[in-house]
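**Q** requesting a structural model of the entry that follows:
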Amino acid sequence: MRIRTDPSFAVSRRLPALLLACLATVLVAVNSEVAAFAASSPGGQPAFAATQEPSVAVQEAAAVVRQIPAAGSVDRLRVVLQQLVDRFPGLAGVHVIHLESGMRTGVDEDTPYGMASTFKVPILVELMSRVDAGELTLDDTVSVQPDDQHVGSGLLSALWAPGLEMSLRNLATFMIILSDNSATDMLIDRLGAENITARMRALGFDDIRVDRTTLELILDYRGVDYDPVADATLDEINDFSRANRPPAEEIPAVREAFYTGPEDKASARQMTELLAMIANGEAVSRESSDVILEILERTQTGANRLRGLLPPGTDIAHKTGTIGRVVADVGIITLPGELGRFAISVFVLADEPDTEVGERLIAEAARTAYDFFLFNAPASAGGR
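**A** Numbers count the residues shown, from 1 in each chain. Alright, predicted model coming up:
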């Protein structure tokens, strides 16, 4: 049998170390017993008695092997995900749901992790809920003012304001596909962070909360007071931030308070369940769900995260997030043929602010889930 050597298949084509170790233990033990029988039998032929009992070594190895989940069991996927997380230098929460079959599993999936910019998914859900209720339309326009241009990722802060009008549809699109912080904060100001969290509660998600604008979140990370620059221009924000950063010796405590605080967090399980509701047209109307999915499918960030090890051309609707030691990606991945789709959320809190290490874990988790469902999803699962 020829073994595929394509590196993109490396994650899924390696048998788990536990399985290999168990098999090796069994083989060594069995070979040792056979050799012992051969050495003690006339002519070197083992004379096995009908009542011969396996040795303690074989019995112990067999007991370990019996603990390995059966092929096709979603527990097998959990074991491999756990191995990935165990060797990661930091903490990580992962949850996966195959949408058509309902198979699900995860690792540390009920611990709230910082969402970073993945909190833009709940914001989009609240926006489309308001559209469904007739309170807003995606064609409503807002004028971008100088105090709307905020720090961080995106494009709006590089444009001239005033003089720029944006529809809510375009603000939502910028928020997701470019992770535009200015567009995000304009939507939060219009929708209200408390209303976004309330929407999550109404959908049954107690572990998803949106508390701050991206500007507040970034300034909290820096240890800079938000109130003096709540209505400031971008230049004023940057000048104030530079002049008021805490002393170097206080930065570790500032960061620790940021990472351990309860604000703007979600568990991997509930974020994945939210994605499943969006995919199934249950969080908002079917029409609004399709708008959300279409925007998520156009995301331009995170080339090395969920999609990093997937086969080229794989359809994925997702949203990334990054700040300091927090690295995240959440999304819906479509399997080939009629094998359906799976939702996945990976939240990482690394020991050090190393984005590449977090991205690698996210990519490996996504590819591991992809390969598991590729061989174990029910036939004719279908898709959207």
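**Q** measure Thr118 to Val346 for me?
**A** Relative to Val346, Thr118 is positioned 10 Å away (C-beta to C-beta, to the nearest Å). C-betas here are computed from N, CA, C, even on glycine.
**Q** shared neighbours of those two, anything?
**A** Common contacts of Thr118 and Val346 (C-beta atoms under 8 Å, 6 or more residues apart in numbering): Ala328, Asp329, Val330.
**Q** out of the residues you listed, which comes closest to Val125?
**A** Using C-beta to C-beta, Val330 is the member of these that sits closest to Val125, with 12.5 Å.
**Q** which one of Thr118 and Val346 is surrounded by more residues?
**A** Val346 (35 against 27; other C-beta atoms under 10 Å).
**Q** can you pull the phi/psi pair for that one?
**A** As for Val346, its main-chain torsions (degrees, to the nearest 10) stand at phi -130, psi 120.
**Q** same deal with Phe119?
**A** phi -70, psi -10.
**Q** mind listing the strands for this structure?
**A** Assigned by DSSP state E, the strands in the chain fall at 90-98, 104-107, 112-114, 141-144, 164-167, 265-267, 316-323, 326-334, 341-350.
**Q** pLDDT below threshold where in the chain?
**A** 1-72, 379-384 (pLDDT under 70).
**Q** how is it divided into domains?
**A** Under automatic domain parsing, the residue ranges defining each domain of the chain are 17-66, 74-376.
**Q** which residue is the nearest non-sequential neighbour of Glu356?
**A** Spatial nearest neighbour of Glu356, chain neighbours left out: Asn304 (7.5 Å); criterion: C-beta to C-beta, 6 or more residues apart in numbering.
**Q** how many neighbours does that neighbour have?
**A** 16.
**Q** could you do the one 5 residues further on as well?
**A** By the other C-beta under 10 Å criterion, the neighbourhood of Leu309 contains 24 residues.
**Q** how near is it to Met271?
**A** To Met271, Leu309 is 21 Å away according to C-beta to C-beta.
**Q** do the same with Phe258
**A** 20 Å.
**Q** the more surrounded of these two?
**A** Met271 (31 against 19).
**Q** Ile344 is in contact with the more buried one, correct?
**A** No. At 9.5 Å, Met271 does not count as touching Ile344 under the criterion of C-beta atoms under 8 Å.
**Q** now do the shared contacts for those two.
**A** Residues touching both Met271 and Ile344 (C-beta under 8 Å, 6+ apart) are His95, Val330.
**Q** among the domains of the chain, which is the most enclosed?
**A** For those, the largest average neighbour count (mean count of other C-beta atoms under 10 Å) is found in domain 74-376, namely a mean of 19.
**Q** endpoints of that one, how far apart?
**A** Criterion C-alpha to C-alpha, to the nearest Å; first-to-last residue distance in domain 74-376 is 9 Å.
**Q** equivalent analysis for stretch 330-347, please.
**A** OK, stretch 330-347 end separation, C-alpha to C-alpha: 8 Å.
**Q** spatially nearest residue to Ile188 (excluding sequence neighbours)?
**A** Spatially, and ignoring its direct neighbours in sequence, Ile188 is nearest to Thr213 (5.0 Å; C-beta to C-beta, 6+ apart).
**Q** again but with Leu77, I slipped
**A** In space, and not counting its chain neighbours, Leu77 is closest to Phe372: 4.4 Å by C-beta to C-beta, 6+ apart.
**Q** quick one: Thr314 and Tyr370, what's the gap?
**A** Noted for Thr314: a distance of 8 Å to Tyr370, by C-beta to C-beta.
**Q** picking that back up, closest one to Ala365 out of the shared contacts of Thr118 and Val346, please.
**A** Asp329 (9.3 Å).
**Q** show me what contacts the residue nearest to that closest one when sequence neighbours are not counted?
**A** Among residues not flanking Asp329 along the chain, Arg305 sits closest, at 3.9 Å (C-beta to C-beta, 6+ apart). Listed by C-beta under 8 Å, 6+ apart, the contact set of Arg305 reads His318, Thr320, Val327, Asp329, Val346, Glu359, Ile362, Ala363, Ala366.
**Q** kindly reformat those residues as a markdown table containing distance to Pro112.
**A** Below are those laid out as a markdown table (distance: C-beta to C-beta, whole Å):
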| residue | distance to Pro112 |
| --- | --- |
| His318 | 20 |
| Thr320 | 18 |
| Val327 | 16 |
| Asp329 | 17 |
| Val346 | 14 |
| Glu359 | 21 |
| Ile362 | 18 |
| Ala363 | 23 |
| Ala366 | 21 |
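**Q** looking at those, which is nearest Thr137?
**A** Using C-beta to C-beta, the contacts of Arg305 come closest to Thr137 at His318, 26.1 Å.
**Q** pairing partners for the closest residue to that closest one other than its chain neighbours in the sheet, please.
**A** Closest residue to His318 apart from its sequence neighbours, by C-beta to C-beta, 6+ apart: Gly331 at 2.5 Å. Bridge pairing for Gly331 (DSSP bridges) gives the partners His318, Ile344.
**Q** just the helices in the chain please.
**A** Under the criterion DSSP state H, the chain carries helices at the ranges 10-13, 17-40, 56-66, 74-86, 120-132, 168-177, 181-191, 193-202, 214-222, 234-243, 251-260, 268-279, 286-296, 355-376.
**Q** distance to His150 for those - can I get that in JSON lines?
**A** Shown next, in JSON lines, are those (distance: least, C-beta to C-beta, whole Å):
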{"stretch": "helix 10-13", "distance to His150": "37"}
{"stretch": "helix 17-40", "distance to His150": "46"}
{"stretch": "helix 56-66", "distance to His150": "55"}
{"stretch": "helix 74-86", "distance to His150": "34"}
{"stretch": "helix 120-132", "distance to His150": "14"}
{"stretch": "helix 168-177", "distance to His150": "12"}
{"stretch": "helix 181-191", "distance to His150": "5"}
{"stretch": "helix 193-202", "distance to His150": "15"}
{"stretch": "helix 214-222", "distance to His150": "5"}
{"stretch": "helix 234-243", "distance to His150": "7"}
{"stretch": "helix 251-260", "distance to His150": "18"}
{"stretch": "helix 268-279", "distance to His150": "24"}
{"stretch": "helix 286-296", "distance to His150": "20"}
{"stretch": "helix 355-376", "distance to His150": "21"}
